[in-house]
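S.K.: Model the structure of this input:
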Amino acid sequence: MKVHDIRDADGRTYAFEVSTFFLDRRAVRQIVQAIPGATLLAYRPHQEKLCEFKVGGVTFLVYETWGESDRYWVGPKEAGWAPQLAMVRDTFARARPFLWFVRF
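M.R.: Sure, this is the predicted structure:
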């Protein structure tokens, strides 16, 4: 899946975005559940803040800005870079939109 990195002033990726075109909200939940060591804290399929999960002690959010954006934003709940983002990003990057129902 195409991942659009969002970088801080130091050039580190602190969040990323993925297209909503082929990825429905249920698929996002399944990708999150496929992240090694991830714990799903909340899944709200009808809200802007779609998903909240924890990886390695860091809480992450997935949300669709304005509720009708063409991208989901994925990043730490607390602003700033977190090393755990690399694993989260890798899992989303490996996901195949048409095969979202297959476990990773």
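S.K.: Every contact and neighbour count from this point should use C-alpha atoms.
M.R.: Noted.
S.K.: quick one: low-confidence ranges for this protein?
M.R.: For the chain, the stretches with pLDDT under 70 are 67-68, 97-104.
S.K.: Check which helices and strands the helix or strand harbouring residue 28 sits against.
M.R.: Taking DSSP states H and E as the definition, residue 28 sits inside helix 25-34. Helices and strands touching helix 25-34, by 3 or more CA pairs under 8 Å, 6 or more residues apart in numbering; DSSP states H and E, are strand 39-43, strand 49-55, helix 85-94.
S.K.: Can I get it as PDB, trimmed to CA atoms?
M.R.: The C-alpha atoms that make up helix 25-34 are tabulated as PDB, following Å, rounded to 0.1, in the frame of the first residue of the first chain:
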ATOM      1  CA  ARG A  25     -12.700   1.100   8.100                       C
ATOM      2  CA  ARG A  26     -13.000  -2.600   8.900                       C
ATOM      3  CA  ALA A  27      -9.800  -3.200   6.900                       C
ATOM      4  CA  VAL A  28      -8.000  -0.600   9.000                       C
ATOM      5  CA  ARG A  29      -9.000  -2.500  12.100                       C
ATOM      6  CA  GLN A  30      -7.700  -5.700  10.700                       C
ATOM      7  CA  ILE A  31      -4.400  -4.200   9.700                       C
ATOM      8  CA  VAL A  32      -4.000  -2.700  13.200                       C
ATOM      9  CA  GLN A  33      -4.700  -6.200  14.700                       C
ATOM     10  CA  ALA A  34      -1.900  -7.600  12.500                       C
END
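S.K.: quick one, what contacts the spatially most central residue of the chain?
M.R.: By CA atoms, centre = their mean, the chain has its centre lying nearest to residue 74, at 3.8 Å. With contact set as CA atoms under 8 Å, 6 or more residues apart in numbering, residue 74 has these partners: 15-17, 60-63.
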